[in-house]
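[1] build me a structure from this.
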Amino acid sequence: MAINGFGVTEFQLFLLRRMADYHPELVEDALRRLGATRAAMREANKRWQAMVRAPRFPRGAARYAAVLGPAEASLPRRIGDLACTARQWALPLWPELRFEVLLGPAEIGAPVLNEWLVRAAGSPVPVLRTVDELAPWGCVVGDVGAAFPGAVPREGSAPTRFRLDFAAPGADGRVRSWVADFTWGLLQEVRADGMG
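    Residues are numbered from 1 along each chain as shown. The predicted structure follows:
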């Protein structure tokens, strides 16, 4: 499914545009797999931005269905007292992940609360015991949060970015404080916190 020639491939290019700041080499590899160029990636980003600002472009989850087709899964999710819904779509670049849109309760108009890549149900979760096992593009926010209990979510440096502060052993076995940066929920880099 596509709207105005903007479908799954173009949506993946749009996601990649925000990841290029961290790992251009991984983005280049993904572009090759998609048979696309950096110019096509920039154009996809430009087109998506124009579409979401257009008055007649669908809002909420409908905008994703317009370009990605029907959701592969629609799952109930509780966030505190809120009864929410998570809709998920498969993307060829990341077969073990799903693009998830978290929608608020229907009675308040089902606003989009979050949108990012998550681990697909039944997909093997990477074994993460030390910070050295955290490879760029190798895990999502949920993987790191589950592997290192006590991880604290933080706002990222842009709307598509997310950050986790967590404690984990380094190469020498000593537990330290670390900061993990994610774009669209996919790990981009880990660095020492500098605070501890």
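[2] tell me the residue furthest from the middle of this protein?
    Of all residues in the chain, Asp172 has its C-alpha farthest from the mean position, at 30.4 Å, by CA atoms, centre = their mean.
[3] from Val179, how far off is that one?
    From Asp172 over to Val179 the distance is 18 Å, taken as CB to CB, to the nearest Å. All C-beta atoms are positioned from the backbone trio N, CA, C, and that covers glycine.
[4] Ala44 is in what secondary structure piece?
    In the assignment (DSSP states H and E), Ala44 maps to helix 38-53.
[5] cool, and Phe182?
    Under DSSP H and E, the secondary-structure element containing Phe182 is strand 175-183.
[6] restricting to C-alpha, output the helix or strand harbouring Val190 in PDB.
    Of the helices and strands defined by DSSP H and E, Val190 is found in strand 186-192. Once non-C-alpha atoms are left out, strand 186-192 reads as follows in PDB (Å, rounded to 0.1, in the frame of the first residue of the first chain):
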ATOM      1  CA  LEU A 186      16.900   1.500  17.700                       C
ATOM      2  CA  LEU A 187      20.300   1.700  19.600                       C
ATOM      3  CA  GLN A 188      22.700   4.100  18.100                       C
ATOM      4  CA  GLU A 189      25.500   4.500  20.600                       C
ATOM      5  CA  VAL A 190      26.500   3.900  24.300                       C
ATOM      6  CA  ARG A 191      28.900   6.100  26.200                       C
ATOM      7  CA  ALA A 192      30.100   6.400  29.700                       C
END
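[7] could you pull out the buried residues of stretch 43-62?
    By neighbour count, with 16 or more other CB atoms under 10 Å as the criterion, the buried positions of stretch 43-62 are 43-45, 47-48, 51, 57, 61.
[8] rewinding a little: touching the strand holding Val190 from outside, list them.
    For strand 186-192, contacts defined as CB atoms under 8 Å, 6 or more residues apart in numbering pick out 19, 22-23, 94, 97, 116-117, 131, 134-140, 144, 170, 176-182.
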